[in-house]
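S.K.: got a predicted structure plus its sequence, pasted below:
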Amino acid sequence: MTNPLLDQERVNFLAARQVLATAPLPAWPRTSKQLNLVELEVDWVKFSTLNHRTRAEQRAVVALQGDTTLFSADPFGFAAQEAQYEILRTQEGFAELRSDLANREQQEPAIVTADGVLINGNRRAAALRSLYIDEDRPDARYIRCLVLPADATVAELVDLETELQIARDFKQEYGWINEALLVEELYERESRDYSRVATRMHKDVSAVRSLHEKLQQVHQLVSMSSGSRNYIDFNDNESAFDELAKHVRNKQPIEAESVRSVYFLGTLANVKYRKLRHLRRPDAAELVKAEIESDPSLSKLLALAEETDRIGGEAQDVLDAILGEAPAAGPLTALLGLVATRRVDEAVELEGGTVVEMAAVLESLASAVVAAADEAEEDQRDQSAQVAPLARLDKAIVEVERATEGLARARAFDDFDETGLASRITRLQALLGNFAETQS
């Protein structure tokens, strides 16, 4: 049976190619795993626009070009294929892959559908195409491919990609954003069951859940930015989103909003997550707001954000009356909304006509967040110092109780050190005496 979605002309062309051999594809989910191996020209095969390794990059290109149907209306047309080729060419590690193929040639076959769409080997095909076209390397003209059956379904293709790219093939990392987007797709397909997704991806359930929860935080920030930020922009911020997702998981909405707004603001301002972790507390937003208000230029930015939010909120009140009250805003909600929607290369006009570059604003915000984090860290140290004596006494009491319980058994041995016991008791009594004097 032929898949009606396939390009029949391309199917016929591929079917007429000389079969070099047959080879097994263990990752193919069907019981019959032997596939035909053929050679195809690198400028004939099509890149898969469903490749999960490039999902975040695709969203960035769509936002940049303003064409939401770029990869969906005609995924195998010139525009979509050129955009996908450019994404593959600019991914990290592409130059090294091209160099390796130039030196050692293709070592493993790619995998294509019956009409020549690459399911596995997109980066290798792009690298070979670059060698063939850009460097005029005749030996890079062809790519060896295993050909899938013509009735392969979309679900089978996703399962195959998951098995090949995530479970077994770690030669080139997905990047956590793209991996999380794959988790999300599988999660919806597998009846929102993390254990089934984990089985598909050969991962622990906790790892799959963590990726999905982190992605939900990124969804919120990208949505808040109204197109100014893309998913790929946060590929280097995994640790921050990881800590945030874990912290807000079981928190009350007010605390979750406070910490989330600080983490989002800090991430946009390039504050290191090691600093942000000191602000995982209910009053995080208040601490940061106090630092912002102490800075003349940032206080004006805060006033502008709150005024803009107030004007917008008046219009929202009508909707709230119909749809229900919206979640309560926090101290930094308005400011975060303003900052998230502005690109780094933009400027903002403050009260009095002063114009400031967003790059400078973000630097100032970073300083304010770091100052609040330092204050929180010092506060945590003070609290630790305050409870340290009691905590240590509690531990000492537990240890003395354990020593008392084990003394009879220890004395049953002939070589028990009675002198050492007496010495320690004397030392302990002296310490208690000294401690008692400090209380008088």
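M.R.: That came in fine, so what should we check first? Source: prediction; values computed, not measured. Numbering: from 1, shown residues only.
S.K.: phi and psi next, for residue 36.
M.R.: Phi and psi for residue 36, reported as degrees, to the nearest 10, are phi -80, psi 140.
S.K.: how about residue 282?
M.R.: Phi and psi for residue 282, reported as degrees, to the nearest 10, are phi -60, psi -30.
S.K.: tell me if I'm right that it and residue 254 touch.
M.R.: Yes. Counting by CB atoms under 8 Å, residue 254 is a contact partner of residue 282 at 7.2 Å. Any C-beta I mention is one placed from the backbone N, CA and C, and that applies to glycine too.
S.K.: how much space between residue 248 and residue 262?
M.R.: Residue 248 sits 11 Å away from residue 262, going by CB to CB, to the nearest Å.
S.K.: typo on my end, it should be residue 102
M.R.: From residue 102 to residue 262 the distance is 48 Å (CB to CB).
S.K.: same question for residue 126.
M.R.: Counting by CB to CB - residue 126 and residue 262 are separated by 40 Å.
S.K.: more neighbours: the two, which one.
M.R.: Per other CB atoms under 10 Å, whichever of residue 126 and residue 262 has more neighbours is residue 262, with 30 against 23.
S.K.: work out the gap between the helix or strand hosting the more buried one and the centre of the chain.
M.R.: Taking DSSP states H and E as the definition, one finds residue 262 inside helix 253-268. Relative to its chain's centre, helix 253-268 lies at 17 Å (CA atoms, centre = their mean, to the nearest Å).
S.K.: for that helix, buried residues please.
M.R.: Neighbour counts over helix 253-268 (16 or more other CB atoms under 10 Å) mark 255-268 as buried.
S.K.: repeat for stretch 236-251
M.R.: By 16+ other CB under 10 Å, the buried positions in stretch 236-251 come out as 237-238, 240-245, 247-248.
S.K.: in a helix, residue 23, correct?
M.R.: No. Judged by DSSP: H, G, I helix; E, B strand; the rest coil, residue 23 forms no part of a helix; its state is strand.
S.K.: mind checking what secondary structure the nearest residue to it once chain neighbours are set aside has?
M.R.: Once flanking residues are discounted, residue 23 sits nearest to residue 37: 5.3 Å by CB to CB, 6 or more residues apart in numbering. Using three-state DSSP, the structure places residue 37 in strand.
S.K.: count of neighbours near residue 37?
M.R.: Neighbour tally, residue 37, other CB under 10 Å: 14.
S.K.: find the helix or strand that the residue lying closest to residue 421 once chain neighbours are set aside is a member of.
M.R.: Excluding the flanking residues, the one nearest residue 421 by CB to CB, 6+ apart is residue 407, at 7.9 Å. Using DSSP H and E, residue 407 sits in helix 358-411.
S.K.: for the helix or strand following that helix, packing partners?
M.R.: Moving toward the C-terminus from helix 358-411, the next helix or strand (DSSP H and E) is helix 418-439. When contacts are defined as 3 or more CB pairs under 8 Å, 6 or more residues apart in numbering; DSSP states H and E, helix 418-439 packs onto helix 358-411.
S.K.: from the chain's centroid, how far away is the helix it packs on?
M.R.: Centroid separation between helix 358-411 and its chain, computed with CA atoms, centre = their mean, is 30 Å.
S.K.: go on, stretch 426-435?
M.R.: 54 Å.
S.K.: and if you look at stretch 236-247?
M.R.: From the chain centre to the centre of stretch 236-247 is a distance of 8 Å (CA atoms, centre = their mean).
S.K.: for the record, mean pLDDT for that stretch?
M.R.: Mean pLDDT, stretch 236-247: 95.
S.K.: likewise stretch 153-160?
M.R.: The model assigns stretch 153-160 a mean pLDDT of 86.
S.K.: can you tell me how far the residue nearest to residue 276 when sequence neighbours are not counted is from residue 356?
M.R.: Excluding its sequence neighbours, the residue lying closest to residue 276 (CB to CB, 6+ apart) is residue 266, at 4.7 Å. Distance of residue 266 to residue 356, given as CB to CB: 19 Å.
S.K.: ok, now residue 277?
M.R.: Look at residue 277 and residue 356: by CB to CB, they are 29 Å apart.
S.K.: kindly report the same for residue 38.
M.R.: The value you get for residue 38 to residue 356, if CB to CB is used, is 60 Å.
S.K.: between these two, tell me which one has more neighbours.
M.R.: Here residue 38 and residue 356 are set side by side on neighbour count (other CB under 10 Å), and the busier one is residue 38, at 22 against 16.
S.K.: across the sheet, point out what pairs with the more buried one.
M.R.: Here residue 38 sits in beta bridges with residue 145, going by DSSP bridges.
S.K.: contacts only, for it.
M.R.: 14, 17-20, 144-145, 147 (CB atoms under 8 Å, 6 or more residues apart in numbering).
S.K.: 10 Å instead, please
M.R.: Applying CB atoms under 10 Å, 6 or more residues apart in numbering to residue 38 gives the contacts 14-21, 109, 112, 116, 142-147.
S.K.: among these, which ones are in helices?
M.R.: Under the assignment DSSP state H, those contribute 14-15 to helices.
S.K.: can you flag the buried ones in the contacts of residue 38?
M.R.: Buried among these (16+ other CB under 10 Å): 14, 109, 112, 116, 142-147.
S.K.: of those, which is the nearest to residue 163?
M.R.: Set against residue 163, the nearest of the buried ones among the contacts of residue 38 by CB to CB is residue 146 (14.0 Å).
S.K.: can you give me the strands in the chain?
M.R.: Along the chain, counting by DSSP state E, strands occupy 21-24, 34-41, 110-112, 118-120, 142-147, 347-349, 355-357.
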